[in-house]
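Engineer: quick check, what structure comes out for this input:
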Amino acid sequence: MKKYIAYFRKSTDTEDKQVLSLRDQARTVNEYTLRNKLQIGLKLEESYSAKSPGRPVFNQAIKKLRNGKYQGIIAYKLDRLTRNYTDLGTLIQLMEDNDIEIWTTDFGKYDNSMNGKMMMGFGGIMSKAKIDGLSEDTKRGMSMKVSLGWWAGWAPFGYLNIDPQGRITGKQYQPEKQRLLEAFKRLLLPIEIDPTIAPFIQKAFELYAYQDFSLKTLCKKLHNEGFRARGNGKLSRASLEKILKNPFYYGVFMWKGELITNAKHKPLITKELFEQVQEKLSGKSPFKPQPQTLNFEYRGILNCGECGCSITAERHRKKQKNGNIHRYIYYRCTKSKNNCSQSYIEEKELEKELSKIFKKFFLSENQAKTIQNKLKELFKEDIEYQETQEKALKTRLTKLNGEKKRLYRQMATGMLDDKKVYLEVKNDISTDILEIEEKLKNISLHTENWMEQSSNLITIAQNADKLFLQGTKEEKHILINCVASNLFLKDKKVYYKLKKPFKIIAQGQKSNELLPGLDSNQ
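Structural biologist: All right, here's what the predicted structure looks like:
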């Protein structure tokens, strides 16, 4: 009596949404073999896609059929056996060379006859055509969605594909047919900001751009604050770098080598912040983060005034005469050059010295009012200047849009047949257009922002010493860097240079003439 191999397959090793699971396939095949009096000699099952050849268990079944141990193979449907032309050809060749039989519960027996092989070939081709057709439709639909400015893939980290029945947060491993159906589904899903993850993405850009963090230390800090990668794991250095290099977060995206500038999703950061991060990542930025192990308030902002080495900090404790332990932090030169006579200074004394910086440009209420009146005059002049700038930018924008249309016509009519050159030129023009549109968008806010920043400056000048003493470590560093540069410690005194406009305010106070000759550029 002939013996058969019963073969059961699904496309993934996880629970999927196929018509029948392995257990259900086995039950259907068992019932079918009992009705048709077929003897099963071996049962094989695997979780593997049949889109391409190379299934290990299927290849094992083929080997046993070639050896003549079994006379045929039985499956729930033909697409469980093959979805590619290589495996289909292998099965037909086995029918011709070994006279094996192939059975499926929905068709019956495929034998080594002209009709049998023809029907099997037709069934295999239809299975492959279904996948190929769905794939082509999906690609076409995605291209259409991208042309309208919508992202057509799984949402990048920090965004979500919003489903009416739930939220899809990332790509899952799926069988080929299910994956393509999900791709079709994504064509209809809008991209929205993930309220849980997006704040961490924004913070990652800001911290990396403006503070002394390496990728490694930034990963650690974000993890400690609750940021988790997909799968609830720690964000790796490579993953963080990929996030920081993704232009999607400032409102554009790349699709098959083309820069899509009419993107509809909401950006998380500004283009300026993105470019600052790219500059630092490329190593062009003069800022180089230094690894820090202990959280000292003022380390990293001072150099020694005698030898130029860095000022470091240490924790110490000293037993007093009454038996109590005095714990303190002191700052000293690293003495890397070995010949420096500077001694240490305790943190409290250093803080008093640093706070003196902010007394140099203190503004009284009357002085603040004087500056505000001057700013109002400049406000009117600035509006006229911005109108001139806006007109020039709009003229340039019209010209670039014309160049973009001419380039497209050259590509469409065959005058330009090098797609690589076309994409390079188009991306350059699109980038220029994006920058001008960004400038036009910001130009209307420039004057208002300028006025707001000026008011903030006056507030700082009136309250800087209080802000400094009450601030966190990060706030203190930002305030010092905003106000002063070239900070040195020598003989327990802090030396520095005030930045503009704080230097102007300090000079104005000395000469009793506030903001002399001030114009909009200042």
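
Engineer: from residue 352, how far off is the nearest residue to residue 314 once chain neighbours are set aside?
Structural biologist: Closest residue to residue 314 apart from its sequence neighbours, by Cβ to Cβ, 6 or more residues apart in numbering: residue 330 at 6.2 Å. Every C-beta, even on glycine, is put in place using the N, C-alpha and C of the backbone. Separation of residue 330 from residue 352 (Cβ to Cβ, to the nearest Å): 14 Å.

Engineer: between these two, tell me which one has more neighbours.
Structural biologist: A count of neighbours by other Cβ atoms under 10 Å puts residue 330 above the other of residue 330 and residue 352, at 17 against 13.

Engineer: go ahead and confirm that one touches residue 342.
Structural biologist: No - judged on Cβ atoms under 8 Å, residue 330 makes no contact with residue 342 at a distance of 12.0 Å.

Engineer: for the residue nearest to residue 314, list each beta-bridge partner.
Structural biologist: residue 314, residue 346 (DSSP bridges).

Engineer: and it, what does it touch?
Structural biologist: In this structure, residue 330 makes contact with 313, 314, 316, 344, 345, 346, 347, judged by Cβ atoms under 8 Å, 6 or more residues apart in numbering.

Engineer: report pLDDT for residue 189.
Structural biologist: Listed pLDDT for residue 189 reads 60.

Engineer: oh, I was asking about residue 214
Structural biologist: At residue 214, pLDDT is 87.

Engineer: ok, now how distant is it from residue 220?
Structural biologist: 10 Å.

Engineer: so where does the most centrally placed residue in the chain fall, helix or strand?
Structural biologist: With distances taken as Cα atoms, centre = their mean, the chain has residue 243 as the residue nearest its mean C-alpha position (2.6 Å). If you go by DSSP states H and E, residue 243 is part of helix 237-244.

Engineer: tell me which stretches of the stretch 301-450 of the chain form strands.
Structural biologist: Assigned by DSSP state E, counting those that start in this stretch, the strands in the stretch 301-450 of the chain fall at 303-304, 311-319, 325-333, 345-346.

Engineer: flag the shaky bits of the stretch 51-200 of the chain, pLDDT-wise.
Structural biologist: Scanning the stretch 51-200 of the chain for pLDDT under 70 picks out the ranges 124, 126-145, 162-190.

Engineer: and the strands in it?
Structural biologist: Going by DSSP E, counting those that start in this stretch, the stretch 51-200 of the chain shows strands at 72-75, 101-104, 108-110, 159-163, 166-168, 191-193.

Engineer: just send these back as JSON lines, with distance to residue 322 and mean neighbour count too.
Structural biologist: Output for the strands of the stretch 51-200 of the chain, formatted as JSON lines (distance: least, Cβ to Cβ, whole Å; neighbours: other Cβ atoms under 10 Å):
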{"stretch": "strand 72-75", "distance to residue 322": "89", "mean neighbour count": "24"}
{"stretch": "strand 101-104", "distance to residue 322": "94", "mean neighbour count": "22"}
{"stretch": "strand 108-110", "distance to residue 322": "99", "mean neighbour count": "18"}
{"stretch": "strand 159-163", "distance to residue 322": "62", "mean neighbour count": "18"}
{"stretch": "strand 166-168", "distance to residue 322": "63", "mean neighbour count": "12"}
{"stretch": "strand 191-193", "distance to residue 322": "59", "mean neighbour count": "18"}
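
Engineer: residue 267: which of the ones you listed is closest?
Structural biologist: Residue 267 sits nearest to strand 191-193 of all the strands of the stretch 51-200 of the chain, at 9.4 Å, using Cβ to Cβ.

Engineer: all helices for the stretch 401-522 of the chain, in order.
Structural biologist: Along the stretch 401-522 of the chain, the stretches classed as helices by DSSP state H, counting those that start in this stretch are 419-470, 473-483, 502-511.

Engineer: which one of these has the poorest average confidence?
Structural biologist: helix 502-511 (a mean of 66).

Engineer: if we can go back for a sec, what's the closest of the strands of the stretch 301-450 of the chain to residue 74?
Structural biologist: Of all those, strand 311-319 comes closest under Cβ to Cβ, at 75.9 Å.

Engineer: list the contacts of the closest residue to residue 227 other than its chain neighbours.
Structural biologist: Nearest non-adjacent residue to residue 227, counting by Cβ to Cβ, 6+ apart: residue 200, 4.2 Å away. Residue 200 makes contact with 158, 222, 225, 226, 227, according to Cβ under 8 Å, 6+ apart.
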